[in-house]
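Participant: I'd like to go over a predicted model; first the sequence, then the structure.
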Amino acid sequence: MEDLMEVLYGYPPPITYNQDVLPLNKRVSSEFDRKFNADELPIENEQEFSRGDVYVRQETPVFQRSEASRNVTCLFDCISNHVLDMNLAARFIYEQKINNQFDEAGYKEFVRSDCADNALAFRFDGLDFLEDTVLESRLNNIALRLMTEIHCAKVDKLIRLQQITSNVDPLTKRITLSPENLTKEWFIDGPAPFARAPLHELVLRHRPKESGSTLQMLTCMYRFMLTKITDPPDAIKTYSVRQNGRNGKCESLINLPSGVEATLLDFAEDLAGYGRSELRGSTLSQLDGPSSFFMSLGDTPEQRTEAFNELLREKACLRKELFKALQIALKDVRQSKYDPATGHWTPNDRKAKRPRLQQPAGEENLEPVYE
């Protein structure tokens, strides 16, 4: 019969196996059928399930949330492997606030630090499904605020770098530094050793050069102000202003706090007449509406628009000059000597060769002013 099927249909004869030479899958299958159909199942080594609803799936957690095991003494301890643990950071800030020990200056320093800037991820594990819903809401608000301020600090650094390295034409217009241009009172409010110095009062004691370029005039003003904003005054010699905002070759120098740096730059802009609220935006479309300042720029809309864009260009050019002037002034102050007994600053050898302005009569008790 098998030979006939092969002849008629071309099918090969079926393969027959002996029981000892069965393939592995067939042997396992036959062994399973034999044991499954037996009257007594070998379950003496098996674990019997408890009775209950067989249609309810029992969930097994993949991992168990562990509480914070490491001690946190500052916000920098909350970063590990470029990951910021928001649970640790939020609880640390919350405990400081309820104990009236919150350090605002240290918080801002962490937000603007390179360590927070280099964080690649923010882990929020442990901030949800808390038994205390009020505590959960407060911790999440603190964590979200911290993350938002870190992102804003990153944007500020990019804007600062763009202002320093922007390819703008040099400022050809000679600016006038006048206290009459100030739109508000300015104070230095930074971490120690910076004192709360009123800049609008310091500038009244400054005697600018009668001649010189815009950069020289700004550098002279910054040299005078930098010697008055720290307590003790010579503490300013440990700071520097770097273009990239990071550490340089001299590791002993500290970057000038970003808040103090921004205040000094914005104050000089306001002193030069570029501190109006209408000039804070980068385009004309960012104006809230037609203001008296904008209407005074020309008779026609085309004239006003052209004058407004020219003011924005001058402000961008001035900003770059301010960075350079502040950097040079801080370098000159670091190279000068301070006498605590008399409270006077002695310029370095390079600056000592320059002629000094004579102090007016009756003002000999005032500190000497850099030229």
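Facilitator: Nice, I can see it.

Participant: Tell me if I'm right that residue 181 and residue 267 touch.
Facilitator: No - in this structure, residue 181 is not within contact of residue 267 by Cβ atoms under 8 Å, at 10.8 Å. All C-beta atoms are positioned from the backbone trio N, CA, C, and that covers glycine.

Participant: which stretches of the stretch 201-350 of the chain have low pLDDT?
Facilitator: Residues of the stretch 201-350 of the chain that meet the criterion pLDDT under 70 lie in 210-211, 243-251, 281-290, 349-350.

Participant: returning to that earlier point: between residue 181 and residue 267, which is the more surrounded one?
Facilitator: Higher neighbour count among residue 181 and residue 267: residue 267, with 23 against 16, using other Cβ atoms under 10 Å.

Participant: And the helix or strand containing the more buried one, what's buried?
Facilitator: Secondary structure from DSSP states H and E places residue 267 in helix 258-271. For helix 258-271, the neighbour count (16 or more other Cβ atoms under 10 Å) marks 258-261, 263-271 as buried.

Participant: now swap in stretch 130-149 and tell me
Facilitator: Neighbour counts using 16+ other Cβ under 10 Å place 138-140, 142-143, 146-147, 149 of stretch 130-149 among the buried residues.

Participant: Report all helices and strands that the strand or helix carrying residue 315 contacts.
Facilitator: Using DSSP H and E, residue 315 maps to helix 301-334. Contact partners of helix 301-334 among helices and strands, from 3 or more Cβ pairs under 8 Å, 6 or more residues apart in numbering; DSSP states H and E: helix 133-165, helix 214-226, strand 239-240, helix 258-271, helix 292-295.

Participant: Let me have these in a markdown table, adding distance to residue 311 as columns.
Facilitator: A markdown table is the format used below for these (distance: least, Cβ to Cβ, whole Å):
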| stretch | distance to residue 311 |
| --- | --- |
| helix 133-165 | 16 |
| helix 214-226 | 16 |
| strand 239-240 | 31 |
| helix 258-271 | 11 |
| helix 292-295 | 10 |
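
Participant: and of those, who's closest to residue 316?
Facilitator: helix 133-165 (7.2 Å; Cβ to Cβ).

Participant: Next, the angle from that closest one to helix 301-334.
Facilitator: Angle of helix 133-165 versus helix 301-334, following axes from the mean of the first three to the mean of the last three Cα atoms, to 10 degrees, is 90 degrees.

Participant: any idea of the mean pLDDT in helix 133-165?
Facilitator: Regarding helix 133-165, the rounded mean pLDDT is 89.

Participant: what helices or strands is it leaning on?
Facilitator: When contacts are defined as 3+ Cβ pairs under 8 Å, 6+ apart, helix 133-165 packs onto helix 86-98, helix 104-111, helix 114-117, helix 301-334.

Participant: Dump the ones you listed into a markdown table; add distance to residue 237 as well.
Facilitator: Listed next are these as a markdown table, based on distance: least, Cβ to Cβ, whole Å:
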| stretch | distance to residue 237 |
| --- | --- |
| helix 86-98 | 32 |
| helix 104-111 | 20 |
| helix 114-117 | 23 |
| helix 301-334 | 5 |
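
Participant: Ok, which of these comes nearest residue 125?
Facilitator: Comparing these by Cβ to Cβ, helix 86-98 comes nearest, at 6.3 Å.

Participant: Any chance you could list what contacts stretch 131-138?
Facilitator: Under the contact criterion Cβ atoms under 8 Å, 6 or more residues apart in numbering, stretch 131-138 has outside partners 94, 127-130.

Participant: wait, which of those is closest to residue 314?
Facilitator: Among the contacts of stretch 131-138, residue 94 lies closest to residue 314 (Cβ to Cβ), at 46.5 Å.

Participant: Give me the pLDDT value at the closest one.
Facilitator: The model reports residue 94 with a pLDDT of 95.

Participant: Which residues are in contact with residue 228?
Facilitator: Residues near residue 228 by Cβ under 8 Å, 6+ apart: 197, 202.

Participant: For residue 85, see how far away the residue lying closest to residue 113 once chain neighbours are set aside is.
Facilitator: Nearest non-adjacent residue to residue 113, counting by Cβ to Cβ, 6 or more residues apart in numbering: residue 76, 7.6 Å away. Distance, residue 76 to residue 85, by Cβ to Cβ, to the nearest Å: 12 Å.

Participant: which one of those two has more residues nearby?
Facilitator: Per other Cβ under 10 Å, whichever of residue 76 and residue 85 has more neighbours is residue 85, with 23 against 14.

Participant: which ones are touching the more buried one?
Facilitator: 68, 78-79, 123, 125.

Participant: hey, what's it bridged with?
Facilitator: Beta-bridge pairing of residue 85 under DSSP bridges involves residue 123.

Participant: Can you give me the buried ones in stretch 75-84?
Facilitator: For stretch 75-84, burial by neighbour count (16+ other Cβ under 10 Å) applies to 75, 78-79, 84.

Participant: Export those to CSV and append columns for pLDDT and distance to residue 295.
Facilitator: As requested, the buried residues of stretch 75-84 are arranged in CSV below (pLDDT from 0 to 100; distance: Cβ to Cβ, whole Å):
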residue, pLDDT, distance to residue 295
75, 92, 48
78, 93, 51
79, 93, 51
84, 94, 48
